[in-house]
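**Q** what's the 3D shape of this:
(2 chains)
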Amino acid sequence: MAKSFRQICHPPNKTGGNRLPLKLVKTGLIVALLLMVNEVIAQQRILLVQSSAEPVYQQFAQAVREKINTLKEKPELQIITVDEFSQQPIPPDVRADYLIAAGIRASQFVAGLNSKKPQLLALIPTTFYESHIKTHKIRCLPGLCSVILLDQPIERQLKLLHMALPEHRRVLFLSSPQTSALLPQLIRLSLPLGINIQHIPITSDKSLIQQLTGEMTAGDVVLALPDPNTYNRDTARPLLLATYKYGVPLVAYSPAFIDAGAALGIYTTPEQFARQCVELIAKNPLPATTVWPMATPPKYYTIAINSAVVESLGIKIPAVAYLYDQLEREQP
Amino acid sequence: MKIFCPARANCLIYIHIYKQKCNRAAKDVSMMFRRKASYPAVAGLLLSCCSAIYIAPLRAQPTLSETDYFATDLPIVLSASRLRQTASDAPVAITVIDREMIEASGFTEIPDLLRLVPGFFVEYDSGHIQAAGYHMLANRYVRQQQILIDGRSVYSPSFGGVPWTDLPITLDDIERIEVIRGPNAVTFGSNSFLGVINIITRPAALDRGTSIKTNIGANHLREAFLRHGDTSGNLDYRINVAYRGDDGFNDRYDSKIVRLFNTRMDYQFDKHQQFSFQAGYNEGPREEDNAISADTPQHLRTVTSQFQQLRWENVTSADEVFHVQLYHNFIQENNAYTVVYDLPPPLPFVYDEGTRSERFDIELQKTNRASAALRYVYGLSYRLDRVTSAFYFGTAEPLEARYTRLFGQLEYQLSNNQLVNLGLMAEDNSITDTTYSPRLAYNFRFADNDTLRMTLSKATRTPLLLEEYPDNKILTPLYVQGLYDNGIKLNNERVTAYDVGLIGSRSNNALHYDIRLFYEDIKGLISTQSISPFPAVNNEAFYFDNFDDALIRGGEIQLDWRPNHQARLHAGVSHIEIDSSNNRGDYTHAAPVNSLTFLGTYRFAVGYQASLGIYQRSSMAPLALKSGDPLLMPAFTRIDTRLAKDFRINQQRHSVAIIVQNILDDTYFSRLNNVIDRRTYLSYKIEF
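**A** Numbers count the residues shown, from 1 in each chain, chains lettered A, B, ... in the order given. Modelled structure (predicted):
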């Protein structure tokens, strides 16, 4: 469409005066076509359903709005939470051209609408994708529905760890039964990097610190993968204190953990998820010409270093910009 | 006299024995009770808990949600108040004794850990009075260094130094000890004169579950420790109960019993604010004999000490922390005994050396980073020391000393490899004038892993109330003795210290080295002058004054090497030369010229750990004893070993260890001719 528009804007050939009627006809047709297309674009509507009004969804929604406003087509965006949706006397128009769900709750809600329009399920943990979407417990039609996963690819995290701390080859992986299944994949991906995974299964809440006390000396670095049993508000204090006590840096998956005392981390912000989301829509204008991938990992990410902790641990980590460049080069 | 025996069947047993005839018997009886009843009862009670071990199952599995990735309510756990400064950035030389070293050493007494610090010397006045000093072991009180536990000064307001046995903490409570080698009054105020011992206990968050430990062995060592820690919402807490006892040295009446309790509660208000409360209690009898004064009969000195400490921290970021800290220390010694003078008829004379001291302290401090290159800390504090002793001060009214402090430090990164540290402590105290303790340090990283440090600092030691206002008149039937105030206004002891250090690492941080040269110019050391106020009578009295100067020069080397993941070697040597006026004491020999410390440990794959400690020093003499005196402490080499085995039974972690101190039985003399011989003991610990 844009190519056509540019062609239209080319300056007319002033030497062909006898061909004016034909040109007028052509121009008229093109203008008519353009008006029709603009009409179609103007009618494109996106409905974004948030799981709740929590800041993370607000940030995501706001970023989606900003990104959409940068598009030439500027589709109409309606943002609503699941609760608001349910409380509306007149339900919003679910015949929107695109449905975006932000979070698990919103995804479940959107799936329940049985819409045949393209759906983007964003901010979805991999564990939920594996247990609910991949197993069709939640409706997500192949080709029309796509999931943007929250988790960084394990390979990306391992590469970052390897680049940042090349001498730290004994990597501790603390896992509850919920995340133990990641172990084979973790081991497989770590082998080419010369990383040795030390698995510490966390069997009980109270034993977390005792287990760490006994096992911490077996590792050079802790790779934290999202696990609500192992990494939560209650365990953050003892966990970070224990890693610091043993001089073992922790590589985290969230900015909060980095602020709290992890040495470094890699994560994707709601704004970056929004960018990926809008790009996916922009690359797939209606009528749909491509089939959406079932699930994609975060395309954009942020690397952060807690310099106070790193300095205190006496370790040296390359600058963030260097790590980012290196990681981008390694991207498949 | 009373001998206090510990609990048997929840009751207190007092045995009354008349001292003149039965002192030895009293000890034997008391020891029998301790051996046959009390300690096994305590240990058995603690260990019986094992029979009812409950292993907490994993709680219902929460499902991972997107909010786990974007949580914003995590507290800032590692901030400037908790993060250690790297050795290459520090303006002073530091030795860190961490938990691994504490366990590997096999020591059962906290001051013994200071053997791991080059330039530190640990000697024993009795089984329960230790003297640990840096560069100078002037007397049993070692007044030239500051000792803090979690920022709380335990420097004794009454006698100076630290009563190690009376501290309401156990060796197992300690997370690490940071020993600052050199003056640091700019940070901690007066008395941080030649060094600072900063004991840091474990945060309550790291003590979840229950731990029971017992030590038994030579000299009838019998110790039992019970610790329980848990979390409840935002509150982490820990409770410790301990019983410690031993017979002291052979041929001495110096056994001790320590009953101890302490607790720590850390409450996280929100992401930024943390509130911490600590309290502790220590009490028990300590046997005293006549090793110092021939007239002193064998008797019991009972000690009660306690503390409460509150700390509120507001952590804005890892670099920006504001804290308010309040604490109260209390220690009371009941030390009354009767001397029967051999007169016709025999005349009993009662001595009551009872002392009570308190400290109240409040401190406000702000730490921040103004820019990438500039960090700073500033604050103020107020301290009140109150000491009551009719025996030493001639009045039953308490004497008070007040200290007001204003301090600040700047750390400025001149360039990528140059760091300047500038600080000043202004202290106004009620005993001497206002003092200023400045420090200037320059760190130059001349290679990736090597730093040169140059430091100039000044520090003071404020006279104790006892030194400034003594009034200890003992008018016995045979002679007159005591301490008295001759009207001289004492000055602070002052030190100007020059320090050059070379700090660095090799083999990817596996090897850390620290080489230090020091030059400490000390003026006005306070000691006593003996006089005879009544020439016609057999008498002797003492007064304090700034009699001596001393110049301490030397060097230290410290190495810490982890050749692989199983092994660790820590070693240090020191060379010290002291020139002194020696007017009122032999300061020249108050430190050994050469000393060595070594601790090596290796973890085997099957849960075994073997450790070897070597401690060596050349001869030295306690202050006031001239060189060549029979009580000169000769050189010694001592080798300690520890073999431990860790294993698991279900969810319980067990650890058993055998420790042999002075394994070669190369006996040597500590202070007062106390004989250090081979000592073996067993340690068993269970955690669940």
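**Q** just the helices from the stretch 51-200 of chain A, written as ranges.
**A** Here the stretch 51-200 of chain A has its helices, by DSSP state H, counting those that start in this stretch, at A:55-69, A:82-87, A:104-111, A:126-128, A:154-164, A:183-190.
**Q** so which residues on the stretch 51-200 of chain A come close to chain B?
**A** Contact residues (Cβ under 8 Å from any Cβ of the partner chain) of the stretch 51-200 of chain A with chain B: A:51, A:54-56, A:103-104, A:123-125, A:127-128, A:150, A:167, A:170, A:176-178. Glycine gets a C-beta too; all of them are placed from N, C-alpha and C.
**Q** now the stretch 501-650 of chain B against chain A: closest residue?
**A** Per Cβ to the nearest Cβ, residue B:508 is where the stretch 501-650 of chain B lies closest to chain A, at 5.2 Å.
**Q** can I assume that residue is in contact with residue A:169?
**A** No: using Cβ atoms under 8 Å, residue B:508 makes no contact with residue A:169, being 11.4 Å away.
**Q** so of the residues of the stretch 51-200 of chain A next to chain B, which ones are in strands?
**A** A:123-124, A:170 (DSSP state E).
**Q** wait, does the top strand by length along chain B contact chain A?
**A** Criterion DSSP E: the longest strand present in chain B is strand B:539-561. No: using Cβ under 8 Å from any Cβ, strand B:539-561 never reaches chain A; the gap is at least 11.5 Å.
**Q** tell me the helix or strand right after that strand.
**A** Using DSSP states H and E, the helix or strand that directly follows strand B:539-561 along the chain is strand B:567-580.
**Q** now that following strand: buried residues?
**A** Buried residues in strand B:567-580, counting neighbours by 16 or more other Cβ atoms under 10 Å in any protein chain shown, are found at B:568-576, B:578, B:580.
**Q** tell me which strands and helices it is in contact with?
**A** Contact analysis of strand B:567-580 by 3 or more Cβ pairs under 8 Å, 6 or more residues apart in numbering or on different chains; DSSP states H and E lists helix B:99-105, strand B:539-561, strand B:594-603 as its packing neighbours.
**Q** residues near the nearest residue to residue A:235 once chain neighbours are set aside, how many?
**A** Nearest residue to residue A:235 in three dimensions, chain neighbours excluded: residue A:208, at 6.0 Å (Cβ to Cβ, 6 or more residues apart in numbering or on different chains). Look at residue A:208: counted by other Cβ atoms under 10 Å in any protein chain shown, it has 24 neighbours.
**Q** same deal with the one 5 residues further on?
**A** For residue A:213, the neighbour count with other Cβ under 10 Å is 18.
**Q** surely it is within a helix?
**A** Yes: judged by DSSP: H, G, I helix; E, B strand; the rest coil, residue A:213 forms part of a helix.
**Q** pretty sure it sits against residue A:242.
**A** Yes: if you go by Cβ under 8 Å, residue A:213 and residue A:242 touch, sitting 6.9 Å apart.
**Q** between those two, what contacts are shared?
**A** residue B:206 (Cβ atoms under 8 Å, 6 or more residues apart in numbering or on different chains).
**Q** if we can go back for a sec, now do the longest strand of chain B: distance to the chain's middle.
**A** Distance of strand B:539-561 from the chain centroid (Cα atoms, centre = their mean, to the nearest Å) equals 18 Å.
**Q** same thing with stretch A:98-110?
**A** 14 Å.
**Q** do stretch B:74-82 as well
**A** Remark: stretch B:74-82 is offset 26 Å from the chain centroid, using Cα atoms, centre = their mean.
**Q** close to chain A, is it?
**A** Yes: applying Cβ under 8 Å from any Cβ, one finds stretch B:74-82 in contact with chain A at B:74-80, B:82.
**Q** before we move on, back to that, which among the residues of the stretch 51-200 of chain A next to chain B end up buried?
**A** Neighbour-count burial (16+ other Cβ under 10 Å) is assigned, among those, to A:51, A:54, A:56, A:103-104, A:123-125, A:127-128, A:150, A:176, A:178.
**Q** hmm, which two among these are most spread apart?
**A** A:54 and A:176 (24.5 Å; Cβ to Cβ).
**Q** in the stretch 201-332 of chain A, what residue is nearest chain B?
**A** Across the stretch 201-332 of chain A, no residue is closer to chain B than residue A:261, which sits at 3.2 Å (Cβ to the nearest Cβ).
**Q** so who does that residue touch?
**A** Counting by Cβ under 8 Å, 6+ apart, residue A:261 has contacts A:236, A:240-241, A:243-244, A:250, A:306, A:309, B:76-78, B:318.
**Q** ok, and the closest non-adjacent residue to residue 217?
**A** Just going to use chain A. Excluding the flanking residues, the one nearest residue A:217 by Cβ to Cβ, 6+ apart is residue A:246, at 6.5 Å.
**Q** that was the other one, I meant chain B.
**A** Looking at residue B:217 with Cβ to Cβ, 6+ apart, the closest residue is residue B:681, at 2.2 Å.
**Q** again with residue A:212
**A** Spatial nearest neighbour of residue A:212, chain neighbours left out: residue A:242 (4.6 Å); criterion: Cβ to Cβ, 6+ apart.
**Q** was I right to think residue B:513 contacts residue B:559?
**A** Yes: at 5.4 Å, residue B:513 counts as touching residue B:559 under the criterion of Cβ under 8 Å.
**Q** tell me what the longest strand of chain B is packed against?
**A** Judged by 3+ Cβ pairs under 8 Å, 6+ apart, strand B:539-561 is in contact with strand B:93-98, strand B:480-484, strand B:511-531, strand B:567-580.
**Q** need those in a markdown table with mean pLDDT, can you?
**A** A markdown table is the format used below for those (pLDDT from 0 to 100):
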| stretch | mean pLDDT |
| --- | --- |
| strand B:93-98 | 95 |
| strand B:480-484 | 76 |
| strand B:511-531 | 92 |
| strand B:567-580 | 96 |
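**Q** hmm, back to that, hang on, the residue nearest to residue A:217 packs against residue A:220?
**A** No: using Cβ under 8 Å, residue A:246 is not in contact with residue A:220, being 9.9 Å away.
**Q** higher neighbour count, these two?
**A** Using other Cβ under 10 Å, the more surrounded residue of residue A:246 and residue A:220 is residue A:220, with 22 against 19.
**Q** surely that one meets residue A:168?
**A** Yes: using Cβ under 8 Å, residue A:220 is in contact with residue A:168, at 3.7 Å.
**Q** that's all I had, so thanks and see you.
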